[in-house]
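# what would the 3D arrangement of this be:
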Amino acid sequence: MLEIITIMAAGIAAGWLLRKRSFKFVGVVLTVLVWALLFFLGIEVGENEKVINSLKDLGLEALLLAVAATAGSIFAAWALWTFIQHKEGGKP
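Now for the predicted structure:
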């Protein structure tokens, strides 16, 4: 856990020190890395026999949790976007 906090703090410090520069490629790099992480997470889950064998037991409950988490994230992102747009005087 300390490693994660240290890496995050280093990223924040680097961002603060380099805030005057333009890094237009960062968005694309982040998107590619997130997709790669999701892919490798899927591989990890797929090769774990315990997880695969317990899917039938967890199926509906896991599906409901995933749908609720996704819906909550979408709602929170929409609410934040709307708040930011109204604060800046733009159209929602």
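# so where's the longest helix in the chain?
Of all segments of type helix in the chain, defined using DSSP state H, the longest is helix 49-88.
# quick one: average pLDDT of that helix?
Per-residue pLDDT over helix 49-88 has a mean of 87.
# do you know how far Phe39 is from Glu3?
23 Å (CB to CB, to the nearest Å). All C-beta atoms are positioned from the backbone trio N, CA, C, and that covers glycine.
# for the residue most central in space within the chain, which three-state class applies?
What sits nearest the mean C-alpha location of the chain, by CA atoms, centre = their mean, is Val34, with 7.3 Å. The local conformation at Val34, judged by DSSP: H, G, I helix; E, B strand; the rest coil, is helix.
# that one and Leu64, how far apart?
Counting by CB to CB - Val34 and Leu64 are separated by 24 Å.
# show me which of Phe39 and Glu3 is the more surrounded one.
When Phe39 and Glu3 are compared for neighbours, Phe39 comes out ahead with 10 against 7, by other CB atoms under 10 Å.
# now for the helix or strand hosting that one, which elements pack on it?
Using DSSP states H and E, Phe39 maps to helix 26-47. When contacts are defined as 3 or more CB pairs under 8 Å, 6 or more residues apart in numbering; DSSP states H and E, helix 26-47 packs onto helix 49-88.
# other SSEs contacting the helix it packs on?
Other elements packing on helix 49-88 under the criterion 3+ CB pairs under 8 Å, 6+ apart are helix 26-47.
# how many residues are close by Leu37?
There are 10 residues near Leu37, going by other CB under 10 Å.
# contact partners for it?
For Leu37, no contacting residues are found, by CB atoms under 8 Å, 6 or more residues apart in numbering.
# can you read off the pLDDT for it?
As summarised for this prediction, Leu37 has a pLDDT of 96.
# and Ala10, how far from Lys20?
Counting by CB to CB, the separation of Ala10 from Lys20 is 19 Å.
# swap that for Met8, please
21 Å.
# neighbour count winner among these two?
The neighbour count for Met8 versus Lys20, taken as other CB under 10 Å, is higher for Met8 (10 against 5).
# any idea which helix or strand carries that one?
Take DSSP H and E as the rule and Met8 turns out to sit in helix 2-17.
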